[in-house]
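Engineer: Predicted model and sequence follow; I will ask about them next.
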Amino acid sequence: MKIILVIFITIMLSACSTPYQKRESGLKRLLKSYSGGYSEQMLSENVAVVTFKANGYTSKEKAHKFALRRSAELTLERNYDYFSVEGDAIDVSVSSNTSPVRCTSYDGYNVTCTGGGTRTFHKPEATINIRMFKGEAPERTGFHNARILLDYLTKED
């Protein structure tokens, strides 16, 4: 019974945009699959792929900001000072849901029908390939001081 309640609450909360959170694995991932979150994969000591997968109530821009935020956090966690963006992409998966049509008649003549509407969801996934460095960040496009960027992005929330 408790698991049904947890699933129901999760589904009800899924009507909100994806919060900034880690994307879980296993059963936790199943329960949070409606909301998404960030993940990263280290390709080498200072190279990573950071992904933020969002639900249908989150904009592409917000998903990209969250991926940048995680990139800055990861850079600092691994004792680096800045990172370069070596590639990025925003993919959007599209799905739809059609509600069933329900018709009722109270007097045998007048029929009232409801439902039948289709709702389309656009779920963005932002992916950023980063390379992390120590020292002062070059003042060129594509290089980000992790601390300054993180301060900026967390003030916006």
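Structural biologist: Arrived safely, thanks for sending. Residues are numbered from 1 along each chain as shown.

Engineer: for this structure, which helix is longest?
Structural biologist: The single longest helix within the chain, with elements called by DSSP state H, is helix 60-77.

Engineer: Contacts made by the helix or strand that comes right after it with the rest, please.
Structural biologist: Next along the chain after helix 60-77, taking DSSP states H and E as the criterion, comes strand 82-98. Strand 82-98 is contacted by residues 47, 56, 60, 63-64, 67, 71-72, 75, 116-133, 135-137, 142-146 when judged by CB atoms under 8 Å, 6 or more residues apart in numbering. For every residue, glycine as well, the C-beta is placed using N, CA and C.

Engineer: So what would you say the end-to-end distance of stretch 76-84 is?
Structural biologist: 13 Å (CA to CA, to the nearest Å).

Engineer: Summarise which helices and strands the helix or strand harbouring residue 149 is packed against.
Structural biologist: Assigned by DSSP H and E, residue 149 belongs to helix 146-156. When contacts are defined as 3 or more CB pairs under 8 Å, 6 or more residues apart in numbering; DSSP states H and E, helix 146-156 packs onto helix 60-77.

Engineer: Let me know the angle separating the helix it packs on from strand 82-98.
Structural biologist: 140 degrees (axes from the mean of the first three to the mean of the last three CA atoms, to 10 degrees).

Engineer: Quick check: which helices or strands does helix 60-77 pack against?
Structural biologist: Contact partners of helix 60-77 among helices and strands, from 3+ CB pairs under 8 Å, 6+ apart: strand 37-44, strand 47-53, strand 82-98, strand 118-133, strand 143-145, helix 146-156.
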